[in-house]
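*Asks:* got a predicted model here, sequence first, then my questions.
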Amino acid sequence: MAFEVIKERYMSKVNEVLLGATAENGGSRSHVLKVGGQTTLPYLHFEGEVPNKPIIAMEITDVEPTWPAPLKEMFKDVYNDPIAWAKKCVDEYKADLIYVVLNGADPDGANKSPEECTATVKSILKAVGVPLIVKGCGDEEKDNEVLGKVAEECAGENLMLGVAEQENYKSIAAACMVHKHSLIALSPLDINICKQLNILVNEMGLPLDRIMIDPMIGGLGYGIEYAYSIMERIRMGALQGDKMLSMPMICTVGYEAWRAKEAYSDGEEFQGWGEQSFRGPLWEAMTAATLIQAGADILLMRHPQAVKLVQKNITELMKSNKY
Amino acid sequence: MALTGLEIYKLLPKKNCGECGPPTCLAFAMSLAAGKASLEVCPYVSDEAKEALGAASAPPIKLIKIGVGDKAVELGDETVIFRHDKTFFHPTGIAFEVKDSLSEAELTQKLEEINALEFDRVGLHYEVDMVAVKQTGDAAQFKAAVQKIAAATNLSLVLITEDPASADQGLEACKGRNPLLYAATENNYKEMTELAQKYSVPLGVKAEDIFNLSNLVEKITALGYKELVLDSGSRTTSKVLADLTEMRRAAIKKKYRPFGYPTIAFTTAEEPMEEMMQSQVYVSKYASMVVLKTTDKHFVLPLLAWRQNLYTDPQKPIQVETKIYEVGNVTADSPVYLTTNFSLTYYSVEGEVEGSKVPSYIIPVDTDGTSVLTAWAAGKYSAEKIAEVMNSIGIEEKVNHREVILPGYVAVLSGKLEEKSGWKVVVGPREAAGIPAFAKSRYGA
């Protein structure tokens, strides 16, 4: 008997989410980006549509980053200047977009005011044409203030703002709704909380196609398989028609990968693992590449070499495999 | 096609002797239907029943062994498409290609590199599996290389040649090592199958595409040989992903016999890091083994870490031993942290304690491999249980002080723990990530 290709037919698809807005739509971006829209599992072009490739946002911070030395070294000429940093990522490393983490807002750190933070975001918007993702410092109260201000002052830009969590989503979701931005909804490796949070945010009036799922990940070697399986289940849910799991997914790849000592540790005692300068970027690239196999749509990354490797991997995966 | 448990039951002897394991023939039939048992363990089954049941009772993907002894590699015998449906069983075998044209010195160096590919991280030991000898010249050169390589490594072997005469010599040169013979093709399959039969070794099958592969497998199995490893012949990342997915689906969902064997994939990327990225796709999506060229540690480690992660049983979290762990040059004044024995929790804590630069002790309490909050919610991380561990593990002999750091999420236990253990309890951060800041403010690092 001759082999017949088995094609799965799913009843639904992943939402398409737009990032950024051009002048026509009230923003100032040179172009917009689109993610999601798949009607099948990752890269099975032979049975469904994969209309948008995953995109890479390179991470920058508004204050000197607290990153491991070998990673920080890559940006030594720009890390004290978020504008130059953002430009370098776009011009030199071809980042699809920029992920601005406003660590400077941290009340235990530089404690920058919402106005200062907003000014930083605005100056980055002026310096680069790509869409932005903007994230707070992690202090709930301060983030609500800061992101509220950023949302208001950058109204119409369709920033992607983060993060909303089950215990703290109202203020940021309202800001996104009123000022026309999109939202990252973070759930702690839990498909039920993920769904619940999307319902809550949607009930406030934010359309489903302006929400991204951050499923929370572990880095390579540190629990990435939990994220991998949760993401596979979320994506399957989307394809099977669960509207509250149908959002594209965003992953904090750089942050998690560079927490691993396999990525940053140098010196004699780690020689058994080979050279840090190779294994570090590969650790991050491998973290990203495994997650796009589970359906990741936006990768938040740090190391230029890792970004390059993943770009190449994505190009290969986006090639047709039709029978 | 697959039979149901009841259909199988009708064909069994119905003696309910229990000699097969399950107590009744019906229970045994159910196990067979689920692919969890093999018909061979029934001593009384008739030959007719055997034939009728053969197809239905075989696992959807055959288990194939390459190599011998404790370095033998087991491939295949997978039962699901998604690891969350159950688990993946047999980690992708990692082979390294070595050309037979290498000089004596190059060969020695290459094998030293490959033999040295062992890693220890987070309490786990990673190893690679196979050396693949690739023919580039005549039979004599191939034979000589196989001989040298067989002598220089304990790893299992793969012989890459499509020339039956060379294959014969190569197999003779490593007799008893049970190598994978790769590959039988449309042109040579009769001779190659004969050789595989003669030496009783697994046979790689390579075709032009997935459809031709199906046909070729049927021709080979018709010759009576079923120790196979399959290669659709595709070499571009996207196409290989599609082919491997199709073969896995066909075997698991349709019990499609021609694809009921393990699969092999080859990388094509020249640059080592790109090669690792390509092989990651194949490890993620169903390759039973991959053949690589890069042998540098820093490139191979990330791939092995992913393989280990992916093949972890989702239902059996990895645990660390409950004992006193020392991080850095500890003294009798060093702080003592409590955590759980869930490997991820423990290693997150260990990593951050190390990052805090304050030498410390860590005591993981046995919580059946659950995280702090989960363990607490399930009653596995109670003050009584923690106190019992602290009092029996010998920590009071290691330190002069009597102060222990409790994970912030279970701050509620602190009063009771002080009472039960007699130690002063300090509430630490909730997340491991908070440890460096905590240690800095408390111990002035």
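*Replies:* Now that the structure is in, tell me what you want to look at. Just so it is clear, the model here is predicted, and its values are computed rather than measured.
*Asks:* need the contact list for the residue of the stretch 1-150 of chain A found nearest chain B.
*Replies:* Using C-beta to the nearest C-beta, A:Phe3 is the residue of the stretch 1-150 of chain A that sits closest to chain B, at 3.7 Å. (C-beta placed from N, C-alpha, C; glycine too.) Under the criterion of C-beta atoms under 8 Å, 6 or more residues apart in numbering or on different chains, the contact partners of A:Phe3 comprise B:210-211, B:213-214, B:250, B:256, B:258-259.
*Asks:* in three-state terms, how would it be classified?
*Replies:* When the structure is reduced to helix, strand and coil (DSSP: H, G, I helix; E, B strand; the rest coil), A:Phe3 reads as coil.
*Asks:* for chain A, which helix or strand comes out least confident on mean pLDDT?
*Replies:* Across the helices and strands of chain A, mean pLDDT, DSSP states H and E gives its lowest value to helix A:261-264, namely a mean of 92.
*Asks:* just checking, what packs against that helix?
*Replies:* If you count contacts as 3 or more C-beta pairs under 8 Å, 6 or more residues apart in numbering or on different chains; DSSP states H and E, helix A:261-264 packs onto helix A:69-72, helix A:276-293, helix B:297-310.
*Asks:* on the three-state scheme, the residue lying closest to A:Ile224 once chain neighbours are set aside is what?
*Replies:* Closest residue to A:Ile224 in three dimensions, ignoring its sequence neighbours and counting by C-beta to C-beta, 6 or more residues apart in numbering or on different chains: A:Gly218, at 4.8 Å. Three-state secondary structure (criterion: three-state DSSP) places A:Gly218 in coil.
*Asks:* my read is that A:Gly218 contacts A:Arg259, right?
*Replies:* No - the pair formed by A:Gly218 and A:Arg259 falls short of the contact definition of C-beta atoms under 8 Å, at 9.3 Å.
*Asks:* in a strand, A:Ile6, correct?
*Replies:* No - read with three-state DSSP, A:Ile6 is coil and lies in no strand.
*Asks:* with adjacent residues omitted, what lies nearest to it?
*Replies:* Taking C-beta to C-beta, 6+ apart as the measure, A:Ile6 lies nearest to B:Arg249, with 4.9 Å between them; neighbours along the chain are not counted.
*Asks:* likewise for A:Lys170?
*Replies:* The shortest distance from A:Lys170 to any residue other than its chain neighbours is 6.9 Å, reached at A:Met204 (C-beta to C-beta, 6+ apart).
*Asks:* ok, residue 75 - contacts?
*Replies:* By default, I'm working from chain A. A:65, A:85, A:88.
*Asks:* if you could check chain B rather than the one you did, that'd help
*Replies:* Contacts of B:Leu75 by C-beta under 8 Å, 6+ apart are B:63-66, B:90, B:93, B:229, B:262, B:288-289.
*Asks:* between these, which sits nearest A:Pro248?
*Replies:* Distance to A:Pro248, by C-beta to C-beta, is smallest for B:Ser288 among the contacts of B:Leu75, at 31.5 Å.
*Asks:* count the neighbours of that closest one for me.
*Replies:* By other C-beta atoms under 10 Å in any protein chain shown, the residues close to B:Ser288 number 27.
*Asks:* just to revisit the earlier point, how many neighbouring residues does the residue nearest to A:Ile224 have?
*Replies:* Around A:Gly218 sit 21 other residues, with neighbours defined as other C-beta under 10 Å.
*Asks:* contacts only, for it.
*Replies:* Taking C-beta under 8 Å, 6+ apart as the contact definition, A:Gly218 lies against A:189, A:224-227, A:256, B:344.
*Asks:* measure it to B:Tyr311 for me?
*Replies:* Computed as C-beta to C-beta, to the nearest Å, the A:Gly218 to B:Tyr311 distance reads 16 Å.
*Asks:* for the closest residue to chain B within the stretch 201-323 of chain A, give me the pLDDT.
*Replies:* Ranked by C-beta to the nearest C-beta, the top residue of the stretch 201-323 of chain A for proximity to chain B is A:Gly274, at 2.7 Å. According to the prediction, A:Gly274 has pLDDT 93.
*Asks:* surely A:Ala151 meets A:His179?
*Replies:* Yes - here A:Ala151 reaches A:His179: they are 4.3 Å apart, a contact under C-beta under 8 Å.
*Asks:* next up, the contacts around the residue lying closest to A:Gly129 once chain neighbours are set aside.
*Replies:* Distance criterion C-beta to C-beta, 6+ apart; nearest residue to A:Gly129, sequence neighbours excluded, is A:Ser30 at 3.0 Å. By C-beta under 8 Å, 6+ apart, the contact list for A:Ser30 reads A:22, A:129-130.
*Asks:* again with B:Arg307
*Replies:* Contact partners of B:Arg307, counting by C-beta under 8 Å, 6+ apart, are B:91-92, B:94, B:283.
*Asks:* quick revisit: which members of the contacts of A:Phe3 additionally contact chain A?
*Replies:* Judged by C-beta under 8 Å from any C-beta of the partner chain, the overlap between those and the neighbourhood of chain A comprises B:210-211, B:213-214, B:250, B:256, B:258-259.
*Asks:* buried subset of those, written for PyMOL?
*Replies:* PyMOL command restricting the ones next to chain A among the contacts of A:Phe3 to the buried ones, with burial defined by 16 or more other C-beta atoms under 10 Å in any protein chain shown:
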select buried, chain B and resi 210+213+214+250+256+258+259
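*Asks:* which of the ones next to chain A among the contacts of A:Phe3 lies closest to chain A?
*Replies:* Nearest to chain A among the ones next to chain A among the contacts of A:Phe3 is B:Ser214, at 3.7 Å by C-beta to the nearest C-beta.
*Asks:* out of the contacts of A:Phe75, which is most surrounded?
*Replies:* Neighbour tally across the contacts of A:Phe75 (other C-beta under 10 Å): the maximum, 24 neighbours, falls on A:Trp85.
*Asks:* pretty sure it contacts A:Asp62?
*Replies:* No - assessed by C-beta under 8 Å, A:Trp85 is found out of contact with A:Asp62, at 9.6 Å.
*Asks:* and the helices in chain A?
*Replies:* According to DSSP state H, chain A carries its helices in the segments A:69-72, A:82-91, A:114-127, A:140-153, A:170-179, A:191-203, A:224-239, A:253-257, A:261-264, A:276-293, A:304-317.
*Asks:* among those, which is nearest B:Glu78?
*Replies:* When the helices of chain A are compared for distance to B:Glu78 using C-beta to C-beta, the nearest one is helix A:224-239, at 15.6 Å.
*Asks:* pLDDT value on B:Ala2, please?
*Replies:* pLDDT, the model's per-residue confidence, is 61 for B:Ala2.
*Asks:* most neighbours out of the contacts of B:Arg307, which is it?
*Replies:* Within the contacts of B:Arg307, neighbour counts (other C-beta under 10 Å) peak at B:Thr92, which reaches 28 neighbours.
*Asks:* what sits against the closest residue to that one other than its chain neighbours?
*Replies:* Spatial nearest neighbour of B:Thr92, excluding adjacent residues (C-beta to C-beta, 6+ apart): B:Val283 at 4.7 Å. For B:Val283, the residues meeting the contact criterion (C-beta under 8 Å, 6+ apart) are B:92, B:290, B:303, B:306-307, B:310.
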